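# Got a sequence here, can you model it:
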Amino acid sequence: MRKLLFLCLLLASSINVQAAAFNHSDWDALLKKHVITVGQGEVTQVDYAGMAADRSDLKNYLSSLSATGMQQFESWPEQAQLAFLINAYNAWTIELILTAYPDIESIKELGSLFQSPWKKEFIPLLGEVRSLDDIEHGFIRAEGRYQNPYIHFAVNCASIGCPALLPEAYSAKTLDRQLKEATANFLRDRSRNRLEGQTLKISSIFKWYRQDFERGWEGFHSLEAFFSEHSESLDLSAADVKRLLAGDIEVEYLDYDWRLNGKRSR
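The predicted structure is shown next:
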C-alpha cells in the first residue's frame, strides 16, 4: 500500500513539474543577444542580421515549440500556456522576417493581394500547421481563454508601430510583471501615445482591439477607464483624467508605422 501511495505521489509530482515547465532559455538567449533597448525600454530594435547568423539556434527553439502536443499544452497552468503562445508568436514572426531579410522593409511585403502575412499557414504548432493569426486570435485572444488585454503589448509584429519586443523570453513565473512592464513601456512612448491640447492621440491598437480593453479586465469597461488607470505612464495629470472621464478630451487614433523594427544606424 505504501509503495502504491509512493508511486502515485511520484507520478503526480512528475506531472506537476511537466505541466509547469517549458524551457524558453534558447529564445531568451537570442533576445538578450539581438534585441537592442532604446531609451528606458519604450522602444526596442531587432538586430535581424545577428538573428540570421544565429538562425540555427532559432530553428532549434522553434522545433522545441513544434514538438509540444496539445494534450501537454492543455495540462499546463494558464500562465505557462500564455507565455508559450506569446513566445511562439514572436519567435515565428522573426523567422518569417528572416525568410526575406535583408530584402524587406515591412512585414506587409510578405503578404499578397489575397492573403496577409498573418494568415500564412507555415507554423507547425500544437498538432497542426497554423498561422500567426491562429496563434493570436485562435488561442491568445480566444473567447473563454485568457481574456487579458495586456497581451497586445507583448505580441510583436516586427514593425516600428508595434509595442517593443521585450529583450527576454516571457515565462509563467514572471508573466504578470512582464506584461505590466510591456504595457507601461508602450504607453510611455510619446511617438505612439500622447496628449496634445484637448486630444489624446493613441495607437491604432486601441481602435482595432477596443473590445478587449472594455471586457471588464481589472474592472475596466471603457478605454477611458483603462487610460485613467495608466495615467502616470501616459503623463496625464489628475485634471486631465477628470476631463477624459467626463468626455471632454477627444480620442484620436494615430497612423500605424509598418516599417521594419530593425536595428538602425545611430
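# When you work out contacts or count neighbours from here on, use the C-alpha atoms and nothing else.
Will do.
# where does the protein dip in pLDDT?
Low-confidence segments of the chain, defined by pLDDT under 70: 1-21, 265-266.
# residues contacting the closest residue to W258 other than its chain neighbours?
Once flanking residues are discounted, W258 sits nearest to S159: 5.0 Å by CA to CA, 6 or more residues apart in numbering. Listed by CA atoms under 8 Å, 6 or more residues apart in numbering, the contact partners of S159 are S106, I107, D257, W258, R259, L260, N261.
# Can you tell me the SS state at T44?
Secondary structure assignment for T44 (DSSP: H, G, I helix; E, B strand; the rest coil): strand.
# Sorry, wrong one. I was asking about L187.
With three-state DSSP as the basis, L187 sits in helix.
# Touching, it and D235? I think so.
No. Counting by CA atoms under 8 Å, D235 is not a contact partner of L187; they are 9.0 Å apart.
# Where does the nearest residue to D54 once chain neighbours are set aside fall, secondary structure wise?
The spatially closest residue to D54, leaving aside those adjacent along the chain, is L30, at 7.9 Å (CA to CA, 6+ apart). L30 is located in helix 25-34, with elements delineated by DSSP states H and E.
# Paired strands for the helix or strand following that helix, with orientation please.
Using DSSP H and E, the helix or strand that follows helix 25-34 towards the C-terminus is strand 35-38. Using DSSP bridges, the strands paired with strand 35-38 in its sheet are strand 43-46 (antiparallel).
# how far out from the middle of the chain is the strand it pairs with?
For strand 43-46, the gap between its own C-alpha mean and the chain's C-alpha mean amounts to 14 Å (CA atoms, centre = their mean, to the nearest Å).
# neighbouring contacts of that strand?
By CA under 8 Å, 6+ apart, the surrounding residues in contact with strand 43-46 are 34-38, 163-167, 185-186, 189, 261-264.
# Compare L187 and D235 and say which one has the larger neighbour count.
Ranked by neighbour count (other CA atoms under 10 Å), L187 and D235 place L187 first, with 24 against 15.
# quick one: K32 from D54, how far?
Note on K32: its distance to D54, by CA to CA, to the nearest Å, is 13 Å.
# cool, V35 as well?
Taking CA to CA as the measure, V35 falls 13 Å from D54.
# more neighbours, the two?
Regarding V35 and D54, a neighbour count based on other CA under 10 Å identifies V35 as having more, with 22 against 14.
# give the contact list for the more buried one.
With contacts defined as CA under 8 Å, 6+ apart, V35 is in contact with T44, Q45, V46, D47, L165, L166, P167.
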